[in-house]
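[1] kindly generate the corresponding structure for this input.
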Amino acid sequence: MLKKNITKNYIFNLIYQILNFILPLITMPYVSRILGADGLGIFGYTLSISAYFILAGSLGINLYAQKEIAYVQDKKRERSILFWEFVILKIITMSIALIVFYFSFASFSQYNMYFKILCFEIFASMVDICWFFQGLEEFKKTVSRNILIRIILLTCIFIFVKEKKDLYIYFIIYVLSAFIGNLTLWLYIPRLLSNRINIKRFNILRHLRPTLILFIPQIAIQINAVLDKTMIGSIANNIAEVGFYDQSYKIIRILLAIITALGATMLPRISNYFAKNQLDKIKELLNKSANFVYFLGVPIMFGMIIISDKLVPIFFGSGYEKVSILIKLLSPIIIFIGLSNVLGVQYLFPTKRQKLYTISITIGTAINLILNILLIPKLLSIGSEIATVTAEFTVLAVQIYFVRKELDIKSMLLKFRNYLIGGLMILAVGQGLTYIIKNDLLCLILQILLSVIIYFTTLLILKDQFFFFILNKGKGLIIKKKNKKPISDPLLKEAN
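    As a prediction, the model looks like this:
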């Protein structure tokens, strides 16, 4: 199997990641007005509960399976055996999770009707085989068949969700989009697996221990993602606050997907390099990944701080003013999670140091839990976001400590300087426009356009190396298409 193009894989994985969030993003202005903060709060709260059971049923299978498939991506028979072992294991574990979820929440609770619908979300996770295609670096296949389905279901929201009582229809559409999208990936499986597999060679139990080891950091990651919503709903007993938090978190997660999509693309490649003991190539890719986080993460972070005041009332409508404050508070996690994705997901995990990766995530989760308990009663959703930002910074700090002797962390962090200058320029100009232009929509458009121009102009003046690398890469791809000859620049070769 030929090596896949990292740039193309990143683009396809980026599309897939954004696709997972694009449905709520496009419909957000509509459903926020139709369902209200309470309806969205119920949606966010119940989904946070089902997420725990999906996590429990998945164990650490998805991430572990992706890595294991990457190790044998060139060996069809071996990857076929692994595929069916992981599928069988996941069916067993997810079935247990589904049964427990049904009798714990779907059979009786305040929102039992919605929990019953979410049973199908757990079933959708059972048939999810994205990990297989990611291990093969076949990211295009995880995107192509989902796009049409998501567009159709997106249309259904505008057709069938007309008033507050249609909240259950919104749940059904959400679940169907996940289930049908996952199911269509199975159409590719026959030609990617060996036809003759001896089931006597199956050894499902051998995967139980490593997936359980990965289960701990996956629990911690998921808890960090949904704990806040669960605790706001339980401690504050204010479902509208859950809605405010959920909307701000979705906006940031969509933007964060642009950056973390690279991690899923790099993981199988770095795993493959590690299997071949090509450590220099691993470090080279990590430096590029860190630069990429700064290059896109900094303008996104400062940009959201600037535009949130204008964006929120236009996007969500009246009554959601608090979401603007929450977006500003939460925006630093774009950098924190982006860098921890480089050090943790792209380095510690594929180089088989899951224990260190687990420790960093667990410490962050503990801090998030403690701060939530202390801050939510007084500050509600704001307290929860302070806890989240602190926790994500802690995860990054712990990972930096673990890898400080293996990687040139000082050099990696100093590269932040140019992007910080560009980000501060965005902040200054964007803030200035808010005082000059009173029309919210016009101000928002100018803030976005001028921020892009000012940021890249600043990098050009500072002669940022990574910025010129991106420009040269674009030129190299054009020349390559015209001449059909390999590019001489080794950096460009590796990026491909």
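
[2] from now on I want contacts and neighbour counts done on CA atoms only, so please keep to that.
    Noted.

[3] tell me where the stretch 351-496 of the chain has helices.
    Using DSSP state H, counting those that start in this stretch, the helices of the stretch 351-496 of the chain run over 354-379, 381-403, 409-414, 416-436, 440-461, 465-483, 490-495.

[4] what are the buried residues along the second one?
    Residues of helix 381-403 classed as buried by neighbour count (16 or more other Cα atoms under 10 Å): 381-400, 402-403.

[5] which one of the helices of the stretch 351-496 of the chain is the most hemmed in?
    Stretch with highest mean neighbour count among these: helix 381-403 (a mean of 22; mean count of other Cα atoms under 10 Å).

[6] for it, packing partners?
    Applying 3 or more Cα pairs under 8 Å, 6 or more residues apart in numbering; DSSP states H and E, we find helix 381-403 packed against helix 208-231, helix 239-275, helix 321-330, helix 333-340, helix 354-379.

[7] again, only using 6 Å
    Under the contact criterion of 3 or more Cα pairs under 6 Å, 6 or more residues apart in numbering; DSSP states H and E, helix 381-403 touches helix 333-340, helix 354-379.

[8] next, give phi and psi for the closest residue to Ile219 other than its chain neighbours.
    Leaving aside its chain neighbours, Ile219 sits nearest to Leu55 (6.7 Å; criterion: Cα to Cα, 6 or more residues apart in numbering). As for Leu55, its main-chain torsions (degrees, to the nearest 10) stand at phi -60, psi -50.

[9] so for the helix or strand hosting Thr155, what's the average pLDDT?
    Under the criterion of DSSP states H and E, Thr155 resides in helix 141-160. Here helix 141-160 scores 77 as its mean pLDDT.

[10] and it, how far out from the chain middle?
    Offset of helix 141-160 from its chain centre (Cα atoms, centre = their mean, to the nearest Å): 19 Å.

[11] low-confidence ranges, the stretch 201-350 of the chain, go.
    For the stretch 201-350 of the chain, the stretches with pLDDT under 70 are 214, 217-218, 220-227, 236-237, 261-277.

[12] repeat that for 80
    Within the stretch 201-350 of the chain, the ranges that satisfy pLDDT under 80 run 201, 203, 208-240, 243, 254, 257-285, 316-319, 345-346, 349-350.

[13] identify the residues contacting Ile335.
    Gly297 (Cα atoms under 6 Å, 6 or more residues apart in numbering).

[14] so how far is Val127 from Ile54?
    Distance, Ile54 to Val127, by Cα to Cα, to the nearest Å: 12 Å.

[15] now Met113
    23 Å.

[16] the two - which one has more neighbours?
    Val127 (20 against 15; other Cα atoms under 10 Å).

[17] quick one, phi/psi of the more buried one?
    Dihedral angles (degrees, to the nearest 10) for Val127: phi -100, psi 10.

[18] can you start the count at 709 instead of 1 from here on
    Noted, 709 is the first residue going forward, which turns the last one into Val835.

[19] just the CA atoms of the next helix or strand after the helix holding Thr863, as CSV, please.
    Later in the chain than helix 849-868, the nearest helix or strand by DSSP H and E is helix 875-892. Listed in CSV are the C-alpha atoms of helix 875-892, where the atom choice follows Å, rounded to 0.1, in the frame of the first residue of the first chain:
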residue,chain,number,x,y,z
LEU,A,875,-37.5,18.7,20.3
TYR,A,876,-37.9,15.0,20.1
ILE,A,877,-37.8,15.2,16.3
TYR,A,878,-34.5,17.1,16.6
PHE,A,879,-33.2,14.2,18.7
ILE,A,880,-34.3,11.7,16.1
ILE,A,881,-32.6,13.5,13.2
TYR,A,882,-29.4,13.8,15.2
VAL,A,883,-29.4,10.1,16.0
LEU,A,884,-30.2,9.1,12.4
SER,A,885,-27.4,11.2,11.0
ALA,A,886,-24.9,9.4,13.1
PHE,A,887,-26.3,5.9,12.5
ILE,A,888,-26.7,6.1,8.7
GLY,A,889,-23.4,7.9,8.3
ASN,A,890,-21.5,5.2,10.2
LEU,A,891,-23.4,2.4,8.4
THR,A,892,-22.4,3.6,4.9
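
[20] for stretch 901-916, which residues meet the burial criterion?
    Quick answer for stretch 901-916 (16+ other Cα under 10 Å): Leu901, His915.

[21] Ile807 is in what secondary structure piece?
    Using DSSP H and E, Ile807 falls in helix 784-809.

[22] using CSV, write out the CA atom coordinates for the helix or strand that comes right after that helix.
    Sequence-wise, the next helix or strand downstream of helix 784-809 (DSSP H and E) is helix 820-834. Output of helix 820-834 as CSV, limited to C-alpha atoms (Å, rounded to 0.1, in the frame of the first residue of the first chain):
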residue,chain,number,x,y,z
ASN,A,820,-36.9,9.3,29.5
MET,A,821,-38.3,9.9,26.1
TYR,A,822,-35.2,11.6,24.9
PHE,A,823,-33.0,8.9,26.5
LYS,A,824,-34.9,6.2,24.6
ILE,A,825,-34.1,7.9,21.4
LEU,A,826,-30.4,8.2,22.4
CYS,A,827,-30.3,4.4,22.7
PHE,A,828,-29.9,4.5,18.9
GLU,A,829,-26.9,6.8,19.3
ILE,A,830,-25.2,4.1,21.3
PHE,A,831,-26.1,1.6,18.6
ALA,A,832,-24.7,3.9,16.0
SER,A,833,-21.4,4.0,17.8
MET,A,834,-21.4,0.2,17.8
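
[23] touching helix 820-834 from outside, list them.
    With Cα under 6 Å, 6+ apart as the criterion, helix 820-834 contacts Ile762, Ile799, Met802, Ala814, Val883, Phe887.

[24] mind running it again at 7 Å?
    Contact with helix 820-834 is made by 754, 758, 762, 798-799, 802, 806, 810, 813-814, 876, 879-880, 883, 886-887, 890, as judged by Cα atoms under 7 Å, 6 or more residues apart in numbering.

[25] now swap in stretch 1109-1120 and tell me
    Here stretch 1109-1120 has contacts from Asn995, Ala998, using Cα under 7 Å, 6+ apart.

[26] so for it, mean pLDDT?
    For stretch 1109-1120, the mean confidence score works out to 85.

[27] then stretch 1084-1096?
    Per-residue scores along stretch 1084-1096 average to 88.

[28] could I get that stretch in PDB with only the CA atoms?
    C-alpha atoms of stretch 1084-1096 as PDB (Å, rounded to 0.1, in the frame of the first residue of the first chain):
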ATOM      1  CA  ILE A1084     -20.300  26.300  39.500                       C
ATOM      2  CA  PRO A1085     -22.500  27.100  42.600                       C
ATOM      3  CA  LYS A1086     -21.300  30.700  42.500                       C
ATOM      4  CA  LEU A1087     -20.400  31.400  38.900                       C
ATOM      5  CA  LEU A1088     -22.600  28.800  37.000                       C
ATOM      6  CA  SER A1089     -21.400  28.300  33.400                       C
ATOM      7  CA  ILE A1090     -18.600  30.900  33.800                       C
ATOM      8  CA  GLY A1091     -17.100  28.900  36.700                       C
ATOM      9  CA  SER A1092     -17.300  25.700  34.600                       C
ATOM     10  CA  GLU A1093     -15.400  27.400  31.800                       C
ATOM     11  CA  ILE A1094     -12.700  28.700  34.100                       C
ATOM     12  CA  ALA A1095     -12.300  25.100  35.300                       C
ATOM     13  CA  THR A1096     -12.100  23.800  31.700                       C
END
